[in-house]
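Colleague: Any chance you can model this:
(chains A and B)
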Amino acid sequence: MLDKLDPVLLGRIQFAFTISFHIIFPSFTIGLASWLAMLEWRWLRTKDVVYAETYRMWVKIFAVTFGMGVVSGVVMSFQFGTNWSVFADKAGNVLGPLLGYEVLTAFFLEASFLGVMLFGWNRVSPVMHFASTIIVAAGTLISAFWILSANSWMQTPRGFLQGADGMLYPADWLEVIFNPSFPYRFIHMVVAAYLTAAFVVAGVGGFYLLRKRHVSHARVMLGMAMIMAVFVAPMQLLIGDAHGLNTLKHQPVKVAAMEGLWETREGAPLKLFGLPDQVGETTRHPIEIPKMSSLILTHDPNGLVRGLKEWPREERPPVAWVFWTFRFMVGIGMLMILTGIMALVLHLKKRLFDARWFQCWCMAMTPAGFIAVLAGWFVTEVGRQPYMIYGVMKTAESVSPVPGAPVAVSLGTFLLVYGCVFGAGVHYILKLIRKGPESDEEPYGSHGLRKPPVIAEWAGEEGGRHV
Amino acid sequence: MFNFENFIDLPLIWYGLIGTALLLYVLLDGFDLGVGILFPFAPSEQCRDRMMSSIAPFWDGNETWLVLSGGGLFAAFPLAYAILMPAFYIPVILMLLGLIFRGVAFEFRFKAMRSRRIWDYAFHFGSLAAAFMQGMVLGALVQGVKVDGRSFAGGVFDWVNAYSVMVGMALVFGYALLGATWLVMKTDGITQEWARRCASYVLGYIGLFLVIVSISMPMMHSHIRSLWFSMPNLYLLLPIPLCSLAFFVMIWRDLYTGREYRPFLMSLGVFFTAYLGLGISLWPWLVPFEVTFRQAAAAGPSQSLLLVGTAVLLPVVLAYTGFCYYLFRGKSSHETVY
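Modeller: Numbers count the residues shown, from 1 in each chain, chains lettered A, B, ... in the order given. Below you'll find the model as predicted:
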C-alpha cells in the first residue's frame, strides 16, 4: 500500500499545511509590531502610563506569536529543497537571491532587536528601546516585501530566460522583483495583516470592557482598532478590487475560477453562491446578480468575461476550492467594513465603549482576519494550479525524488507536532489575555540578566551564592 | 544586468561565504543547543532558570545563521541544495522538529506553571535531536552521496550507519562543551561550578571522538589520505591539529585554575580547527564526492546580485549582533523573567 502513496499530492498537502500554519503568525505579528511602535510613541509623547502598560501586555503576546512564526518559518526555508528539489534546482538562479535578501535584510534585524525589545527595557534608553520596536516593525515589513516578491514572481514570472537545459536564468532583476502582481499582492497582504492584528486587539478590548476590567487599557485597544476598521477596512476592498483586476489581466483562468464562470460571455452575472462541478463543467444551483460580474471585472455591465472552458481541462485549477475560499475572504472583508460602520455610528452616539452587544460582536470577530488571510492565500495559491511557476513549470514536475512513504510520515508528524505547539501557544496567549495589563509590575524586561556589574556592587556579591 | 563573473571568482567567494555562515551557525547555535543538552542535569530549578536566561536574548539570532546557510546554499549553489535536501530528508525534518520544540520552549516555559516540566523536556530533547541530526548528516556527508544527473539517487535511509551515529554523538558532546563553557562565562555560584565539572567531563569524550574522526577520514578515502600525508602538505597542515591540541590543554588547565572567559573562547577554537580540517578534507566538493562547488554554482548574475547585498549587509549584521552580545554582557541571574 505504501508505494501507492502519491508523493506529489502528499508534498502539496505538507507544503500547504506548513505554510498555512506559518502564515497565521506573521499575518498577526506584522500588524502587531507596527501597533506596538505606535503605542510606544504615544507613551513617549504623552507619558500616559496606560500606553506603556498596554505595550507590556501585548509585547508578551507578540513574543509568543513571533517565536512560533520563527520556528515554523525555519521549516519553510528547508522545504523548497526537501520536497521540491527539482523546482529549487531550476528556479534557484532567480528565486534564491530574493530569499537570501530576506534573511540578510529582515531576519537578522528582527531576531537581534526583538531581544532588545523584550529584554533591554533596563539596559537601553527609552528612545533606543522605541527605535528597537520600530526596527522590528520595519523588519517584518521588509520580510514581507521579499517573500511576497518571490511568491508574486511565481504567479507572474517576468525578467527571466529559460535555457536549453530547462534552467531559468535572470535577465532583469528589477523586472523579477517588481513583477506585475507584486505591488498589489504586497499592499493587499500588509493591509490584511494590519486588519488581522486590529481585530484581535479589538476582540481583547471588547472582552475587558464586557467584564469591566482594565477599562482604560481596553478603551485604547478598542479605540485604536476601530480607527483601523473605519478607515482601512474599506480601503482593503478597493485594494482587493485592484488586485483582482491585475489577476484578470495576468491569470484570467484564476478569476474565472473565483467567479465560477464556465462559459465566455458578455454581461456575465455575479454568482453569490453555487456548487462548482469540475467534471460537469458547470456551477450548479447558482444565486446570481445579473451583469454584476462584468461590471466588477470590466467596469461595463455588458463587458466580455472569459470562462473556464476557454482553457483545456488540465490547465484549470480546482474550481470549488478557489470559488469557496474567495467567498469566505470577501464575506469576512464585508463584515469588517460593517464593523467599521457600526463603530462609527456608536462613536457618534457616544456609545462606542459601552454598547455591550458591540463588545460581544468584536469578540466574535477576533479570528476574522486569520480566516480571511488563509482563505485569500488559498484563492491565489490553488488558483495558480496546475502550475508551480505560472505558465512555466508545473507542480507535478517540481517534486523531489523522495518516495511517498517518508513524505506521508513527515506530514503526519508535522500535523501532530504543529497541533500540540499551536494548542499550547493559544493556551499561553489566552492566559496572558486573562492576566491582562499589570499596573504595579516591577521594571520589566531585564529577563534575569543582571545589569553589568558596577564596582560598588561587587563587594556584596562576592561571598553570596544565588541558591 | 551586472555580472562580476569575469572579474572575480564568484563561486569561490560564495563557497567561502556559505562556509563562514555555517561556521558561525555551528559556533553560535552550538552553545545554546549545548545549554539545552545539559539542561535536565542542572543541580536545581534556579540553575535552569539562569541557564535559560543566559541564552534567551540570543537564540533567535543564532538560529538565523542556519536559515542564512540554508537560504544561501539555495541562492548560491541551488544544485547542491536540490541534491542534499532530498538526500537528508528525514534527518533534516527531524532537526527542524527538534528546533521547533526547543524554540517554543523559550516562550512557553516562563509562562507555564504546572506544565513547566513538559517545556523543560521539550527544550532538552529538541536541542538534543537537532544536534544529533546535524551530526548524523555530517557523518553521512563525509561518506559521500549518491547522485544521478542533477538529483539524489540513493535510498531514504542511506544516512543511517554506525559511523554517522558516532559523528552525531560527537557533535552532541561538542555542543555540550560549548554550552558548558558558555555557562562558566555567564553564571557564577553553583551553576558555574557544575558547568565546570560538565565541561571537564565532556572534554575527554570530545578528544576521543576527534581522534577517531581524524584517523578514520583518511582511512576511508585515499585522496584525503594523500592530501594530508604527502609532502609538503603534512608540514603546512600540521599547525591545525597542533592548534587543536593546544586549545584542549588550555581548556583543561583553565577549568582547574578558575578562568571564566577563556574556556569558552578556546572551545570555539577547538570547533574552528575541527571545521577547518573537515573543510580542507572535503575541498572542493559540495556534494561529496560527486559535485564540486564550481559545478553547483548558480548563474553569474544571481551570485553577483546577492554578493552586492552581502558585502553591504553582512558587516552591518555582524555589527548589530555584536552590539546585542555587548548589551547583554555580564552574568545572568535566575530572577525576573519577562
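
Colleague: Can you give me the separation between B:Gly204 and A:Leu374?
Modeller: B:Gly204 is 53 Å from A:Leu374, where distance means C-beta to C-beta, to the nearest Å. Glycine gets a C-beta too; all of them are placed from N, C-alpha and C.

Colleague: the strands in the chain, which residues?
Modeller: Picking chain A for this. With DSSP state E as the criterion, chain A has strands at A:160-162, A:168-170, A:265-266, A:270-277, A:282-289, A:304-305, A:387-389, A:393-394.

Colleague: sorry, should have said chain B
Modeller: Counting by DSSP E, the strands of chain B are B:147-148, B:151-152, B:285-287, B:291-292.

Colleague: The second one and chain A, are they touching?
Modeller: Looking back up the chat, that one is strand B:151-152. Yes: against chain A, strand B:151-152 shows contacts by C-beta under 8 Å from any C-beta of the partner chain at B:Ser151, B:Phe152.

Colleague: re earlier: nearest to B:Ser214, out of the strands of chain A?
Modeller: Of all the strands of chain A, strand A:168-170 sits nearest to B:Ser214, with 42.0 Å by C-beta to C-beta.

Colleague: Determine the number of other residues adjacent to B:Phe229.
Modeller: Neighbourhood size, B:Phe229 [other C-beta atoms under 10 Å in any protein chain shown]: 11.

Colleague: wait, what's in contact with the residue nearest to B:Gly207 when sequence neighbours are not counted?
Modeller: Distances taken as C-beta to C-beta, 6 or more residues apart in numbering or on different chains put B:Phe248 closest to B:Gly207, at 6.1 Å, once the chain neighbours are dropped. Contact analysis of B:Phe248 by C-beta atoms under 8 Å, 6 or more residues apart in numbering or on different chains lists B:Leu203, B:Gly207, B:Val270.

Colleague: can you check A:Val136 too?
Modeller: Taking C-beta under 8 Å, 6+ apart, we find A:Val136 in contact with A:Ala33, A:Leu109, A:Glu110, A:Phe113, A:Leu114, A:Met117.

Colleague: Of those, which ones also sit close to chain B?
Modeller: Filtering the contacts of A:Val136 for neighbours of chain B using C-beta under 8 Å from any C-beta leaves A:Leu109, A:Glu110, A:Phe113, A:Leu114.

Colleague: which residue packs closest to the second one, ignoring adjacent ones?
Modeller: What it means is A:Glu110. A:Gly139 is the one closest to A:Glu110 (C-beta to C-beta, 6+ apart), at 3.8 Å.

Colleague: Surely the one you found touches A:Leu104?
Modeller: No: taking contacts as C-beta atoms under 8 Å, A:Gly139 lies outside contact range of A:Leu104: 11.4 Å.

Colleague: hey, which helix is longest across the chain?
Modeller: If you meant another chain, say so; for now it's chain A. Using DSSP state H, we find that the single longest helix of chain A is helix A:7-46.

Colleague: Chain B, not that one
Modeller: Chain B, longest helix under DSSP H: helix B:189-220.

Colleague: With adjacent residues omitted, what lies nearest to B:Arg150?
Modeller: Counting by C-beta to C-beta, 6+ apart, the residue nearest B:Arg150 is A:Asp89, at 5.8 Å.

Colleague: residues in contact with the residue in chain A that chain B sits nearest to?
Modeller: When scored by C-beta to the nearest C-beta, chain A has A:Gly92 as its residue closest to chain B, at 2.4 Å. For A:Gly92, the contact set (C-beta under 8 Å, 6+ apart) comprises B:Phe74, B:Ala75, B:Pro78, B:Leu79, B:Tyr81, B:Ala82, B:Ala298, B:Ser302.

Colleague: Now a ChimeraX select for only the buried ones of these.
Modeller: Provided next is the ChimeraX selection string for whichever of these are buried by 16 or more other C-beta atoms under 10 Å in any protein chain shown:
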select /B:74,75,78,79,81,82,298,302
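
Colleague: Could you work out the end-to-end span of stretch B:282-294 for me?
Modeller: Stretch B:282-294 has an end-to-end distance of 14 Å (C-alpha to C-alpha, to the nearest Å).

Colleague: What's the mean pLDDT across that stretch?
Modeller: For stretch B:282-294, mean pLDDT is 88.

Colleague: Identify each buried residue in it, please.
Modeller: For stretch B:282-294, a neighbour-count test (16+ other C-beta under 10 Å) marks B:Leu282, B:Trp285, B:Leu286, B:Val287, B:Pro288, B:Glu290, B:Val291, B:Thr292, B:Phe293 as buried.

Colleague: what's the answer for stretch A:312-328, then?
Modeller: Buried residues in stretch A:312-328, defined by neighbour count with 16+ other C-beta under 10 Å: A:Arg316, A:Pro317, A:Val319, A:Ala320, A:Trp321, A:Val322, A:Phe323, A:Trp324, A:Thr325, A:Phe326, A:Arg327, A:Phe328.

Colleague: Hmm, the last one is touching A:Ile371, no?
Modeller: Yes: between A:Phe328 and A:Ile371 there is a contact at 6.5 Å, judged by C-beta under 8 Å.

Colleague: Export the strands of chain B to CSV and append columns for distance to A:Tyr55.
Modeller: As requested, the strands of chain B are exported to CSV (distance: least, C-beta to C-beta, whole Å):
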stretch, distance to A:Tyr55
strand B:147-148, 53
strand B:151-152, 49
strand B:285-287, 47
strand B:291-292, 51
